[in-house]
Structure formats: C-alpha cells, structure tokens
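Asks: Provided below are the primary sequence and the corresponding predicted coordinates.
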Amino acid sequence: MRRRSLLHWTAATLVVAARAPAGLPAAPLRLVATTALIADLVGRVAGDRARLQVLVGEGVDPHTYRPTRADIVAMRRADAVFANGFRLEAQLEGFLEELARERLVVRLAERLPEERLLANPTFPGRFDPHVWMEVALWRSLASIVARELARLDPSAERVFFERARDYEAELERLESYVRDVLATVPREQRVLVTAHDAFGYFGRAYSFEVIGIQGISTESEAGLADIERLVRLVVERRIPAVFVETSVAERNVMAIVEGARARGHRIRIGGRLFSDSLGAPGTYEGTYIGMIDHNVTTIARALGGEAPAGGFQGRLNGIE
Ligand SMILES: [Zn+2]
C-alpha cells in the first residue's frame, strides 16, 4: 500500500516538474470568488500566485444575484471557488454543491466556529452570512484561506501564511480604530437603522442596536406595517440619522425618513454604507479595509461620535 502511494506521488511530481521547468515559477492558480469581499481577502493572501475572477460586481446584491453562463464556465474551469456561504449566494447554492464533487469549493463563513456565529431568524438552523461586519471574525479567515491555497500550491505555502499574517496585523490596527471611534458615539444614540439586516455582527461586536428594514436577506420585501413600526421607533428614540446601502434600493429608508419628518422629527440620511458590496475596484473603498473604514467613520460622525473625516488612514473622501 505504502509503496503504491509512493509511486503515485512520484508520478505526480514528474507531471508538475514537466509543467514548471526549474527556475520558472509555477503557473498562477485560477480562482473564482463569488463576491468582491471574498476576492479581496483571497487576493491579499494569494498575491501574484493566483488569478482571481469575481462574479458579483460593484453595487450588486449577492442575495439575489443569478450566475451567468460565463460565470458557470469560469467556475468549472477554476482550480478553486471561494464563496461566503450560509445562503448569501442563494441562487448559486445548488450549483456550488454540485461543483464541490469535482472541484475545491470553500465556503469561508461556514468554516468559522459555530459559537461565534449569529442565528438567521429567516432560515431556522442557518446562520447570518454577514460575518465580514466584525473585523476580528473576518481576520480569522485569513489563515483558513492560506491553508486552502497551500493545498493547491504547496510550493507557496510559506508565502501564503506570511501574507496572511501581514494582513492579520493590518486588520488588528483597523479593529482598534473601529473600537476607538465607535466608543465616542453617545450610548443612547447607538442605534443603526439600515435597509437590510447586514449589520448583526457589527452590532454584537461594537455594542450597537441594529435594525434592518428588510431582514437578513433582500429576497423578501418589507411591508407597510414594518415601515410604520420603524417610523414610530426613530421618532420615539430621537434617532438623528438612518443609513442607505450601496447594494440595496433606497425606497424603504426614504419612506422612514419621510414618515418621521411628517411627525416633526428631525432626521437625515447619515450616509451610504457598504453592506454586501465593496466600492469601485481600484479605489480605497473597493477594499475590505476601505469599506469598513468608510462605514465606521460615516456611522460615528452621523450619530454624534467623533471620527476624522479622512478615517483610519486619512484616505477617505467625501464623508460629511
Ligand atoms: Zn445582505
């Protein structure tokens, strides 16, 4: 048995050697990431050892995204597909399950320890997929990505783990900014009203009450009764600002603002938050760090806290 596996291993080595002549680096891995968030994380760990394709583009809602024929082809051809999981990519679930029989499919959020996850009230027995909203939770995925990439390209294992550690250190600095800035928001104003329930992990980690108008997934619609209830809540609690999201329609949030104003309450849109999507590719807000910086700086300033308009690294623009 042992001898047979040794022979097998030698044959595989010869094949690899034939593909990558001595002195030349191995061909980069072909990876597909479902969302820009996942691509940002995998890209930080993989560096130039991988070519990455993203399926869900800027400002597009992953809950309702339907894969194109080209997406399906790309996933079938990839060395691995990295996804979030927990039904974030609801329309892709069936396909990914099928693909996992022949390809490496990594649903990153599903690798987190259960005790750190929040329940999903819409789907009993499932967890809330928006794990990136807690920096410490997202940071813990970097080493998982490194391990999976090392399975695909063992020659780069050391590089992957080094890059993961560097990124973890950056995220630790980001997290202390997040905690410092959010702690300046007066306690009674720590209420975050947004278009859908993407901020559950944020609320738990940083002690905010979080209210999403549309529930955990945008697959369902908010009713008039929900809107009425929220109008009463923001008026009674004197909440100064509510937030829109870049990947979800604004109409529900606007309805709350109008309803509250009609009752004489002063309220404004506190800004546009990134919930399930990053900013434009190539911009600071198009990275995870930029996205979190933008959100936290916007939230703190709109709800009576103190945060520099330029954010964590002085790289933000256009925050009121
Ligand atoms: Zn969402």
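Replies: Now that the structure is in, tell me what you want to look at. Everything numeric in this text was worked out from a predicted model, so none of it was measured. Numbers count the residues shown, from 1 in each chain.
Asks: drop to CA atoms for contacts and neighbour counts, all remaining ones
Replies: Will do.
Asks: for the stretch 1-150 of the chain, what spans make up the helices?
Replies: Counting by DSSP state H, counting those that start in this stretch, one finds helices in the stretch 1-150 of the chain at the ranges 2-19, 36-46, 69-77, 93-99, 135-139, 142-152.
Asks: most tightly surrounded among the ones you listed?
Replies: helix 36-46 (a mean of 23; mean count of other C-alpha atoms under 10 Å).
Asks: So which elements touch that one?
Replies: Where contact means 3 or more C-alpha pairs under 8 Å, 6 or more residues apart in numbering; DSSP states H and E, helix 36-46 is packed against strand 29-33, strand 50-54, strand 80-83, helix 142-152, helix 157-182, helix 288-302.
Asks: Of these, which is nearest Met133?
Replies: helix 288-302 (7.7 Å; C-alpha to C-alpha).
Asks: And for that closest one, what's in contact with it?
Replies: Residues from elsewhere that reach helix 288-302 (C-alpha atoms under 8 Å, 6 or more residues apart in numbering): 37, 40-41, 133, 171, 174, 178, 181-182, 184-185, 192, 240-241, 270-271, 273-274, 278-279, 284-285, 306-309, 311-312, 316, 319-320.
Asks: quick one, that helix and helix 36-46 angle?
Replies: Interaxial angle, helix 288-302 versus helix 36-46 (axes from the mean of the first three to the mean of the last three C-alpha atoms, to 10 degrees): 130 degrees.
Asks: could the helices and strands packed on helix 36-46 go into TSV alongside distance to Glu114?
Replies: Shown next, in TSV, are the helices and strands packed on helix 36-46 (distance: least, C-alpha to C-alpha, whole Å):
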stretch	distance to Glu114
strand 29-33	23
strand 50-54	27
strand 80-83	18
helix 142-152	15
helix 157-182	21
helix 288-302	23
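Asks: I'd like the ones you listed as a markdown table, with distance to Glu98 and mean pLDDT appended.
Replies: As requested, the helices and strands packed on helix 36-46 are exported to a markdown table (distance: least, C-alpha to C-alpha, whole Å; pLDDT from 0 to 100):
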| stretch | distance to Glu98 | mean pLDDT |
| --- | --- | --- |
| strand 29-33 | 16 | 98 |
| strand 50-54 | 20 | 97 |
| strand 80-83 | 12 | 98 |
| helix 142-152 | 19 | 98 |
| helix 157-182 | 28 | 98 |
| helix 288-302 | 29 | 97 |
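Asks: So which of the contacts of helix 288-302 belong to strands?
Replies: Among the contacts of helix 288-302, the members found in strands (DSSP state E) are 192, 241, 270-271, 273.
Asks: and the contacts of helix 288-302, which are buried?
Replies: 37, 40-41, 133, 171, 174, 178, 181-182, 184-185, 192, 240-241, 270-271, 273-274, 278-279, 284-285, 306-307, 309, 311-312, 316, 319 (16 or more other C-alpha atoms under 10 Å).
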